[in-house]
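Novice: predicted model and sequence follow; I will ask about them next.
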Amino acid sequence: MKQKIVRLSRRYLTVLRTHLHGGARASLLPAQGLGRRAVALGLETLELARMHEQAVVTLEAEHLKNSWQKRAENFFAEAMTPIVETHRAARQNKSDLARLNETLNRRTLELAATNFQLKRGIVRRQSVETALKVSGQHYAKLLRESLQLQANLRELTHQVLAAQEEERRHISHELQDEIAQTLLGINVRLITLKKESRTNTRGIKQEIASTQRLVSKSARSVRRVAREFQKI
């Protein structure tokens, strides 16, 4: 690295001498080339100024005319242009970097806020899922209990219907027995009337009255059983 700087210093002297000998119309592009080379080597303003000062001291020893000093200053200013531009770009980059850092910090805060909201949303969702799970278990239990109640109700209904059917059969048997007995009594009375109709008129009237009572009793039994059936 040191050797490169030494070579650049020698070249600076040579290019400056050539420029001064070229007169007032000499191009300053070579100076810019030296400045870009200094930038490539990482030299700063002070280091290039020292390089220029050494070249000026050497050129003064060569007894150049007085008019060359102003042109030497212009040459140095032109050589400094790439470094100045580099500094300007660096400042711009620094400013851009500061803006980027500010934007990054703002985005970081926004991201932190978003993450916080996201975590809160996750917590709420987990709470809702837990509540739904508990609620689902509760409703599943209620459904099982409802189904069991329905089964019990069907069984109870079956038992009630069976009891009613049994009661109907019992009443039906009672009705059949009672009517059969009444009809048997009526039949017996009729047979008796048939036998007595030839000899005992008074007895026939009594038997007819008794038979009428049996018929009335039978009718009352039928109505009573009908009412019992309506209650069931």
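Specialist: Structure's in. What do you need?
Novice: domain parsing for this protein?
Specialist: 2-107, 161-231 (automatic domain parsing).
Novice: how about those in JSON lines, adding mean pLDDT and distance to Thr114?
Specialist: Just so you know, the C-beta spots here come from the backbone N, C-alpha and C atoms, and that holds for glycine as well. Putting the domains of the chain into JSON lines (pLDDT from 0 to 100; distance: least, CB to CB, whole Å) gives the following:
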{"stretch": "domain 2-107", "mean pLDDT": "81", "distance to Thr114": "10"}
{"stretch": "domain 161-231", "mean pLDDT": "71", "distance to Thr114": "67"}
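Novice: got JSON lines for those domains, with mean neighbour count too?
Specialist: Shown next, in JSON lines, are the domains of the chain (neighbours: other CB atoms under 10 Å):
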{"stretch": "domain 2-107", "mean neighbour count": "14"}
{"stretch": "domain 161-231", "mean neighbour count": "13"}
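Novice: save the ones you listed as CSV, and put in distance to Ala151 too.
Specialist: Shown next, in CSV, are these (distance: least, CB to CB, whole Å):
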stretch, distance to Ala151
domain 2-107, 64
domain 161-231, 16
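Novice: quick one, which of these is nearest to Lys133?
Specialist: Ranking those by their distance to Lys133 (criterion: CB to CB) puts domain 2-107 first, at 37.5 Å.
Novice: how about the domains of the chain, which one is nearest Ile122?
Specialist: For the domains of the chain, proximity to Ile122 was assessed by CB to CB; domain 2-107 is nearest, at 21.7 Å.
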